[in-house]
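Novice: Need coordinates for the following:
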Amino acid sequence: MKTRLLIPVPLIIAVLFFFSGSMIRAEPQKERSGVQRLRQPLTEEQMEPWAEIEFKAENFQKVKKGMTEEEVLDLLGKPLKVKMIRRPKHRWSVHYFYPQGYVVNFKHGLVVGKEHKKTQ
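Specialist: Numbering: from 1, shown residues only. Reported below is the predicted structural model:
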């Protein structure tokens, strides 16, 4: 007589859920907003290849939410100043300051906003 191993259905569901969750975590970790948070912001040294690109205000209008740091650097060049703010749980936000009061704001490496602070 053969004996059958009966596995409870909830256990099967729990195992499948566990493995499907671990497969998702194998990819870049994302927050609820869908933003990746694995890599650190670019350093000023890493921005040197963009130092020769001249800032133009008309290119600032082309900056859109969701663009990467590299895409912004391709459009606007290396910023005059970079301010990095570390947040809890390995998160960070970065602000690129350009001539004439133009600022691009990043969170987790992607543009979340931009502003023009008129200078006198």
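
Novice: Helices of the chain, start to end?
Specialist: For the chain, the helices defined by DSSP state H occupy 9-25, 57-60, 69-76.

Novice: weakest of those by average pLDDT?
Specialist: Of all these, mean pLDDT reaches its minimum on helix 9-25 (a mean of 58).

Novice: what residues are up against the residue nearest to Gln40 when sequence neighbours are not counted?
Specialist: Nearest residue to Gln40 in three dimensions, chain neighbours excluded: Trp92, at 7.3 Å (CB to CB, 6 or more residues apart in numbering). C-betas here are computed from N, CA, C, even on glycine. The contact partners of Trp92, taken as CB atoms under 8 Å, 6 or more residues apart in numbering, are Gln40, Pro41, Met84, Ile85, Arg86, Lys107, His108.

Novice: Go through these and name the one nearest Lys65.
Specialist: Lys107 (10.2 Å; CB to CB).

Novice: Test of understanding: give the bridge partners of that closest one.
Specialist: Ser93, Leu110 (DSSP bridges).

Novice: Please look at it and Ser93 and confirm they touch.
Specialist: Yes - assessed by CB atoms under 8 Å, Lys107 is found in contact with Ser93 at 4.8 Å.
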